[in-house]
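**Student:** compute the structure for the input listed below.
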Amino acid sequence: MTQLQDATVLITGAAGGFGRSLTRQLLAKGSQLILTDHPSANLQSKLNDLETEASPGKVLAYFDLDIADVNGCEALYGEVQKLNVVPDVVINNAGIALLGTMVDTPADRWDTMMQVNLLAPMRLSTRFATDMMARGQGHIVNISSLAGWIAMPGLTAYAASKFGLRGFSEGLRHELTPYEVQVTTVYPFFSRTPLLNGPRFGRFAESDKPLPNALTTDPNQIMAKTIRAIERNQHEVFPDKFALIGHWLKRYFPFIFGLLGRSKAQSS
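**Tutor:** Below is the predicted model of the structure:
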């Protein structure tokens, strides 16, 4: 079991939908938080709101750092070291999304997405895992997506980043198990966060219709299940019914998604 009361928890992407929910719920658990996002204006305003809420936890520090390259990741690791703490839990939550076929999406946009969604968690996990191994305990949490199992048209680049994060998490889990360091990977479906408003390209830019509310999830509920999974040291978490059903279909009836892909191509 991972104890969150008085635990030091680092959260990336803390100003986003999942990040705000994690912050609020972990403060209620009594965790000591280190938060980062870029830019940090939204993060500071959200912290001001949270300071008015009574909770046993507290924010130790927050940093405005861009982790979309190796220098930003190294800077974050350095700032945490200056606090003279080794995080008990690192939650790689920062992520960006876009919608468009690979041929329509500017290369610099999907390149940045790969940096944030995949390479930043790899870099940060590697850095903090070294300290956790030396201490003989710790927990790394990677927020992936159902797109880490299912790649649909328009989400090819996003799925590539999340497929990669799934593979990295699985391998890292095996490597860290002897050191009593846990790795949890979370695979949510579409949730009502700013990621749903990501940029669109090509034919996907022709429609700005939002997903029906019935096909999206409440980020507070998703993060509540994520926190429960962290406490239980679960390896993989499918925190909503859409993720559970999608994962089940992908494993046992994968041909369904090929049919869906052909159907979308014919209708476009």
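**Student:** pull out the buried residues from the lengthiest helix in the chain.
**Tutor:** In the chain, with assignment by DSSP state H, the single longest helix is helix 156-176. Within helix 156-176, the residues scored as buried using 16 or more other CB atoms under 10 Å are 156-166, 168-169, 172-173, 176. The C-beta positions use only the backbone N, C-alpha and C, and glycine is treated the same way.
**Student:** out of the residues you listed, who's nearest Arg109?
**Tutor:** Set against Arg109, the nearest of these by CB to CB is Ala157 (8.2 Å).
**Student:** and the spatially closest residue to the closest one that is not a sequence neighbour, which of the three is it?
**Tutor:** Leaving aside its chain neighbours, Ala157 sits nearest to Trp110 (3.8 Å; criterion: CB to CB, 6 or more residues apart in numbering). On the three-state scheme (DSSP: H, G, I helix; E, B strand; the rest coil), Trp110 is labelled helix.
**Student:** Trp110: how many residues sit nearby?
**Tutor:** Other residues near Trp110 come to 21 when the count uses other CB atoms under 10 Å.
**Student:** on that earlier part again, tell me how far the next helix or strand after the longest helix of the chain lies from the chain's centre.
**Tutor:** On the C-terminal side of helix 156-176, the closest following helix or strand by DSSP states H and E is strand 181-186. Mean-position distance between strand 181-186 and its chain equals 12 Å (CA atoms, centre = their mean, to the nearest Å).
**Student:** before we move on, what about stretch 227-245?
**Tutor:** Relative to its parent chain, stretch 227-245 has a centroid offset of 13 Å by CA atoms, centre = their mean.
**Student:** in it, which residues are buried?
**Tutor:** Ile227, Ala229, Ile230, Gln234, Glu236, Val237, Phe238, Pro239, Asp240, Phe242, Ala243.
**Student:** what sits up against it?
**Tutor:** 1-4, 22, 25-26, 29, 89, 139, 141, 146, 173, 182-191, 215, 217, 221-222, 225-226, 247 (CB atoms under 8 Å, 6 or more residues apart in numbering).
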